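A.B. asks: 3D model of this:
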Amino acid sequence: MKKNLNIYLVAFFIVAIILSLTNTSCTPPFNSRSVNLDSDSLTAHFDYFRYKGDDDFYKNNLLPGDNYYYNPILPGWYSDPSICTDGENYFMVTSTFSFFPGVPIFHSTDLMNWKQIGHVLDRPEQLPLEGQRTSRGIFAPAISYNPHNKTWYMITTNMQGGNFFVKTQDPFSSWSDPIWLPDVHGIDPSFLFDEDGKAYIVNNDEPDGGSTYEGHRAIRIVEFDVEKDKTVGPSTMLVNGGVNLDEKPIWIEGPHLYNIKGDYYLMCAEGGTSVDHREVIFRGKSPMGPFIPADVNPILTQRHLPRNRELPVTCAGHADLIQDKDGKWWSVFLACRPIENNFENLGRETFLMPVGWSDSGFPYITKGDELIPRIVQMKGVKRDESAFPFGNFEKTDEFDSLKLGMDWLTLRGDASELYSLQTNPGYLSLKSADVASNEVKELAYVCRRLQHHKFECETRLYFEPKSEDEMAGLLLYKDETHQYLMGIKHLATDSIEINLIKVKEEGAEVLASQTLAKTNGPIDLKINSTGKELSFYYATDNSWSTLATNINAYYLSTAQSYGFTGTEVGLYASQKEY
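C.D. replies: As a prediction, the model looks like this:
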């Protein structure tokens, strides 16, 4: 029996080898691994991607107990947060602009521990993004729960099509197709489902009579018919310009309307979303107003604090309020963590703070010279290490699933024709698309947010280009004209060229280049950030070599460029020159 079994095993392996050698649908093996593809147009094969944070703050400031959390609670550009509850579950969403899928949704039962459960807009038909610049697309989603029909709503602006909402009775499942609101103009709509069953939409729009200065906006309200899913009646202006029109306040936006014990509170952002950002609040006896500003405004800002303060948090605003199960009030809002109050590449992040109440009955988040805390205690709640990652976490994706993890994004579409996932072994494969990363098109680019000033990321690339025009590698992307690309090309001289390219408004500049002998094996690529500077490395034999160091990270910041996102890093392929 044992002898016969050995014969069968030998025969089995011989047949397996013959089949593998005659299988023309497979690409050649690389370093004892093979990449099985459905299409030979996919030429860049990424074995894994590893991201590791190394920020000094987390190393030097350990949490003092398991009922403390770090701010921001969602590090990286999770901007414009909105939050709601049905009394037991909390759900939170943030902006995604021109990235796909749209509007990540997070769930918690205690406000401290959050887990991403998906994206609200996860189907192309929900999210038309074609031709939109990086900081267009989806603005300021607002999530609400209507207890009268036990339905969850997410309302937002797509800068290409206008204002719309989607809804569901199960936030853990899929959401409806968009229901457009042609009579709601401007941006930043938000629902109030009132206790009497009526519903309203507040939004940013033109003032009555039009704007009289740059940034002059208004907050408006319109009634909403829940049964017919449409607005009813005229749009009414609630706030003209801001708290004090004589001071010509700019960009009042991000409104939320609350019914709190019979009083109506209208909370909005003012000042634009940079260092003058602030949150203000008004109160009235009816959803239709009139609304009177709080005796002390703003109720959240850091704009007046000394620039040389340690570990500054800036740009705070665009807040939303939530009451927990014990009756305490909290606020989520966006803010930034600039290095030495100069710049950052992380974008606008989501913070969480307790809310106080003034003697005159208004909520406030900060007052006077209070600093936004980076460490906060939440009594009665225990931190769950399996929740959304915090501190200097490390994450490796082996691409061993046929679906991308929720960390990953594509740009201006789902890129389903430009990438493929393969398991056993796992690879993410990209097509060298006929589009360059500075074009306003769908890219062969799969990316994730930067979440630390100091970080390291690396990947292993097997590259089988069909022409010398193809390039693949790691791309740091802020917008169409602010990028660093570490890309590999195969040359006709039977060699490989590794370039570090700076993508600029006027084109592209090669900052560093290295030519190597061609190899049939993989090339490892690595980026290291100190916050202020970037370094780029490669390896063909498990030994790292330097491509470039001391590259200015400031170039990728919002302070240098423009826009509402942070910087992304990810896997890229193209056959088009800049």
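
A.B. asks: Show me how this structure divides into domains.
C.D. replies: Here the domain parsing of the chain from automatic domain parsing is 26-52+392-574, 69-377.

A.B. asks: Which SSE is immediately downstream of the lowest-mean-pLDDT helix or strand in the chain?
C.D. replies: Across the helices and strands of the chain, mean confidence by mean pLDDT, DSSP states H and E is lowest for helix 2-22: a mean of 34. Downstream of helix 2-22, the next assigned helix or strand under DSSP states H and E is strand 42-53.

A.B. asks: Pull out the CA atoms of that next one and give them to me as PDB.
C.D. replies: C-alpha atoms of strand 42-53 as PDB (Å, rounded to 0.1, in the frame of the first residue of the first chain):
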ATOM      1  CA  LEU A  42      -2.800  43.800 -16.500                       C
ATOM      2  CA  THR A  43       0.900  44.100 -16.200                       C
ATOM      3  CA  ALA A  44       1.800  45.500 -12.800                       C
ATOM      4  CA  HIS A  45       1.300  42.900 -10.000                       C
ATOM      5  CA  PHE A  46       1.600  44.000  -6.400                       C
ATOM      6  CA  ASP A  47       2.200  41.200  -3.900                       C
ATOM      7  CA  TYR A  48       1.500  43.200  -0.700                       C
ATOM      8  CA  PHE A  49       1.300  46.700   0.800                       C
ATOM      9  CA  ARG A  50       2.500  47.500   4.300                       C
ATOM     10  CA  TYR A  51       1.800  50.800   6.100                       C
ATOM     11  CA  LYS A  52       3.300  51.600   9.500                       C
ATOM     12  CA  GLY A  53       2.900  54.800  11.600                       C
END
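
A.B. asks: List the buried residues in it.
C.D. replies: For strand 42-53, the neighbour count (16 or more other CB atoms under 10 Å) marks 42-49, 51-53 as buried. Every residue, glycine included, has its C-beta placed from N, CA and C.

A.B. asks: Provide the strand pairings for that strand, with the direction of each partner.
C.D. replies: With DSSP bridges as the test, strand 42-53 is paired with strand 394-397 (antiparallel), strand 427-431 (antiparallel), strand 454-463 (antiparallel).

A.B. asks: Quick check: Arg217 touching Asn203?
C.D. replies: No - with contacts counted by CB atoms under 8 Å, Arg217 stays clear of Asn203, the gap being 10.2 Å.

A.B. asks: what sits in contact with each of these two?
C.D. replies: Gly186 (CB atoms under 8 Å, 6 or more residues apart in numbering).

A.B. asks: List the beta-bridge partners for Thr350.
C.D. replies: Residues in beta-bridge contact with Thr350 (DSSP bridges): Leu74, Leu334.

A.B. asks: Share the number of residues neighbouring it, please.
C.D. replies: 27 (other CB atoms under 10 Å).

A.B. asks: please renumber so the chain begins at 16
C.D. replies: Taking 16 as the first residue, the last one we looked at is Thr365.

A.B. asks: List the contacts of it.
C.D. replies: 87-89, 93-94, 96, 107, 109, 347-349.

A.B. asks: which of the strands paired with strand 57-68 sits most buried?
C.D. replies: strand 442-446 (a mean of 25; mean count of other CB atoms under 10 Å).

A.B. asks: now that strand, how far from the centre of its chain.
C.D. replies: Relative to the chain's own centre, strand 442-446 is displaced by 22 Å; criterion: CA atoms, centre = their mean, to the nearest Å.

A.B. asks: For it, give the mean pLDDT please.
C.D. replies: Averaging pLDDT along strand 442-446 gives 98.

A.B. asks: Can I get that strand in PDB, CA atoms only?
C.D. replies: Only the C-alpha atoms of strand 442-446 are listed here, as PDB (Å, rounded to 0.1, in the frame of the first residue of the first chain):
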ATOM      1  CA  TYR A 442      -2.000  39.900  -5.800                       C
ATOM      2  CA  LEU A 443      -3.400  43.300  -6.800                       C
ATOM      3  CA  SER A 444      -2.800  43.700 -10.500                       C
ATOM      4  CA  LEU A 445      -3.100  47.000 -12.400                       C
ATOM      5  CA  LYS A 446      -3.500  47.800 -16.100                       C
END
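
A.B. asks: Leaving aside the residues adjacent along the chain, what's closest to Thr183?
C.D. replies: Trp190 (4.6 Å; CB to CB, 6 or more residues apart in numbering).

A.B. asks: Quick check: which element contains the nearest residue to Leu445 once chain neighbours are set aside?
C.D. replies: Among residues not flanking Leu445 along the chain, Ala588 sits closest, at 3.9 Å (CB to CB, 6+ apart). Assigned by DSSP H and E, Ala588 belongs to strand 583-589.

A.B. asks: Extract the C-alpha set from that strand and format it as PDB.
C.D. replies: Extracted in PDB, the C-alpha atoms of strand 583-589 (Å, rounded to 0.1, in the frame of the first residue of the first chain):
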ATOM      1  CA  GLU A 583      -2.900  59.500  -0.400                       C
ATOM      2  CA  VAL A 584      -0.300  56.800  -1.100                       C
ATOM      3  CA  GLY A 585      -0.900  53.800  -3.300                       C
ATOM      4  CA  LEU A 586      -0.200  51.600  -6.200                       C
ATOM      5  CA  TYR A 587      -0.200  53.100  -9.700                       C
ATOM      6  CA  ALA A 588       0.400  52.100 -13.300                       C
ATOM      7  CA  SER A 589       0.300  54.000 -16.600                       C
END
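
A.B. asks: just the angle between that strand and strand 57-68, please?
C.D. replies: If you take axes from the mean of the first three to the mean of the last three CA atoms, to 10 degrees, strand 583-589 sits at 170 degrees to strand 57-68.

A.B. asks: quick one, strands of the stretch 416-565 of the chain?
C.D. replies: Here the stretch 416-565 of the chain has its strands, by DSSP state E, counting those that start in this stretch, at 425-426, 434-437, 442-446, 460-464, 469-478, 486-494, 497-506, 510-519, 522-532, 538-545, 548-554, 560-567.
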